[in-house]
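1. the sequence and its predicted three-dimensional model are supplied below.
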Amino acid sequence: MVFKITSDNLQQLPGIAKKILQYCYPKKKFLFYGDMGVGKTTLIKELSLQLGVQNIVNSPTFSIVNEYVTLMNQKVFHFDFYRLNHEQEAFDMGYEEYFFGDHYCFVEWPEKIPSLTDDSMVKIKMKLNGVKRDIEIII
């Protein structure tokens, strides 16, 4: 199943994030594809807010993974695999504990770990279209 959404501005993000979570429920593993600067981290921040995360959500570019906790004491993990040189680095950090758990996982740059992702994960493809963002959600 494929859904397409266009974002005209940042003010639309709360509604877009809410729709994505509704469309994809009960899935909790999300893969984000798109060029640098397209807004992957910004969308993940809003998805995290919609889930009740109260922490400041930042890109885990250097830490590779950030852990957040929701108001309901549930964990949300945000990955940024951009800096990985080899897929083995994801094994070394224990990706299995995250990917096979019952927590939300938002993954930026899943292209770096192709054999660790599967078709059960939601794919979100983002593209710039002038000042708008085209968002394709593949469930």
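-> Happy to help now that I have it. Numbers count the residues shown, from 1 in each chain.
2. is it true that K123 touches L31?
-> Yes - counting by Cβ atoms under 8 Å, L31 is a contact partner of K123 at 5.1 Å. For glycine as for every other residue, the C-beta is placed from the backbone atoms N, C-alpha and C.
3. these two: which has the busier surroundings?
-> Ranked by neighbour count (other Cβ atoms under 10 Å), K123 and L31 place L31 first, with 21 against 16.
4. just say helix, strand or coil for that one.
-> Following DSSP: H, G, I helix; E, B strand; the rest coil, L31 is assigned to strand.
5. the one 10 residues further on too?
-> Classification of T41 by three-state DSSP places it in helix.
6. the closest residue to S7 other than its chain neighbours: helix or strand, and which one exactly?
-> Spatial nearest neighbour of S7, chain neighbours left out: R133 (4.3 Å); criterion: Cβ to Cβ, 6 or more residues apart in numbering. Using DSSP states H and E, R133 falls within strand 132-138.
7. what stretches of this protein score poorly on pLDDT?
-> Applying pLDDT under 70 to the chain picks out no residues at all.
8. show me the contacts for the residue positioned nearest the centre of the chain.
-> By Cα atoms, centre = their mean, the chain has its centre lying nearest to F106, at 2.9 Å. By Cβ atoms under 8 Å, 6 or more residues apart in numbering, the residues touching F106 are F30, F32, I44, L47, S48, V76, F77, H78, F79.
9. distance of the nearest residue to S115 once chain neighbours are set aside from P60?
-> Using Cβ to Cβ, 6+ apart and skipping the chain neighbours, the partner closest in space to S115 is E87 (6.4 Å). E87 is 17 Å from P60, where distance means Cβ to Cβ, to the nearest Å.
10. compare the two (neighbour count), which wins?
-> P60 (21 against 15).
11. and the strands in the chain, which stretches?
-> Assigned by DSSP state E, the chain shows strands spanning 2-7, 29-33, 65-69, 75-80, 104-108, 122-129, 132-138.
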